[in-house]
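K.L.:
A predicted structure for the sequence below; I have some questions about it.
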Amino acid sequence: MSDVILMTGVGSYLPKNKFSNEDLSQFIDTSDEWITKRSGIKSRHFVSKNELTSDLATNAALKAIKFSELNINDIDLIIVATTTPDNTFPSTATRVQQKLGAKGIAFDVQAVCAGFVFALSVASSMMKDNHSKNCIVIGADSMSKLLNWEDRTTSVLFGDGAGAAILQKEENLDKKFEDAYKAAGVELVYMSEADHAAWIEIAKKTSHKAFAEQVPGGAKLMEMALAVK
């Protein structure tokens, strides 16, 4: 069997501040019934004032590394998928690398909701090209710092948090795992809807500075997302 890329560890992290629908109704014109009926969401977590996307990502990464039983020094590629970077540059991935004390390659991918999926594909391709043996892919966002709290059609949908996955390159996968690996294969279809880009266009601000511009197509975006099968 040819070399394969396996997911050997996962981890997640949510900030401590938890807000229920009832909590939001105290300062937004909404209700638990309205939010639940349209999204199924009952609660979400928000970062504290001085908490950054890289903090969320680092905490999730540490849990994934522990799960995989690797050492931090084993990680040679870090890819962070985020729409809310700490700064425009350097990349949030390099901030995570610094906080972990890791070495190697580190960069960000920005593709909003699909970012983590794209990041997994990029990581797999780089590993097959022998740029990495042990990679960590992280999806992390501090969406609360981008939301318009006067717009109930979008502000109630998002929260903050991070998830991470460890990918490892196996050069000689044991024959007993070959059939299981093939059976677990998932076909991914990549696409982008450029015609609807204006629905989610926002001002050029990074995650450490809040702003109040509205996501203009919030209601349409939610309807389209819920319609996807």
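P.N.:
The structure has been received and is ready for your questions.

K.L.:
contacts, neighbours, all on C-alpha from now
P.N.:
Will do.

K.L.:
report the beta-bridge partners for the residue minimising distance to the centre of the chain.
P.N.:
With distances taken as Cα atoms, centre = their mean, Gly139 lies nearest the centre of the chain, 2.1 Å away. Beta bridges link Gly139 to Ala81, Gly163 when assigned by DSSP bridges.

K.L.:
touching, it and Ile78? I think so.
P.N.:
No. Between Gly139 and Ile78 there is no contact under Cα atoms under 8 Å: 11.0 Å.

K.L.:
quick one, longest helix in the chain?
P.N.:
Longest helix of the chain, by residue count under DSSP state H: helix 53-68.

K.L.:
ok, back up a step: where's the residue nearest to the centre of the chain relative to Asn73, distance?
P.N.:
Between Gly139 and Asn73 the computed distance is 21 Å (Cα to Cα, to the nearest Å).

K.L.:
and what of Gln110?
P.N.:
26 Å.

K.L.:
equivalent analysis for Asp32, please.
P.N.:
Applying Cα to Cα, the value for Asp32 to Asn73 is 46 Å.

K.L.:
higher neighbour count, these two?
P.N.:
Asp32 (17 against 12; other Cα atoms under 10 Å).

K.L.:
all strands of the protein, in order?
P.N.:
4-13, 17-20, 43-46, 77-81, 105-109, 134-142, 160-170 (DSSP state E).

K.L.:
contact partners of the second one?
P.N.:
If I follow you right, that is strand 17-20. 42-48 (Cα atoms under 8 Å, 6 or more residues apart in numbering).

K.L.:
what sits against the residue nearest to Asp55 when sequence neighbours are not counted?
P.N.:
For Asp55, ignoring the flanking residues on the chain, the nearest one in space by Cα to Cα, 6 or more residues apart in numbering is Val96 at 7.6 Å. Counting by Cα under 8 Å, 6+ apart, Val96 makes contact with 54-55, 57-58.

K.L.:
same thing with Asn73?
P.N.:
So Asn73 contacts 101-103 (Cα under 8 Å, 6+ apart).

K.L.:
ok, the residues you listed vs Val10, which is closest?
P.N.:
Set against Val10, the nearest of the contacts of Asn73 by Cα to Cα is Ala102 (17.6 Å).

K.L.:
next, the contact list for the closest one, please.
P.N.:
72-73, 75-76.

K.L.:
got those residues as TSV, with distance to Leu157 columns?
P.N.:
Shown next, in TSV, are the contacts of Ala102 (distance: Cα to Cα, whole Å):
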residue	distance to Leu157
Ile72	34
Asn73	37
Ile75	34
Asp76	35
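
K.L.:
restrict the residues you listed to the buried ones and give me that as a PyMOL selection.
P.N.:
In PyMOL, this line selects whichever of the contacts of Ala102 come out buried by 16 or more other Cα atoms under 10 Å:
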select buried, resi 72+75+76
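
K.L.:
and the contacts of Ala102, which two are furthest apart?
P.N.:
It's Ile72 and Asp76 that sit farthest apart of the contacts of Ala102, by Cα to Cα, at 8.9 Å.
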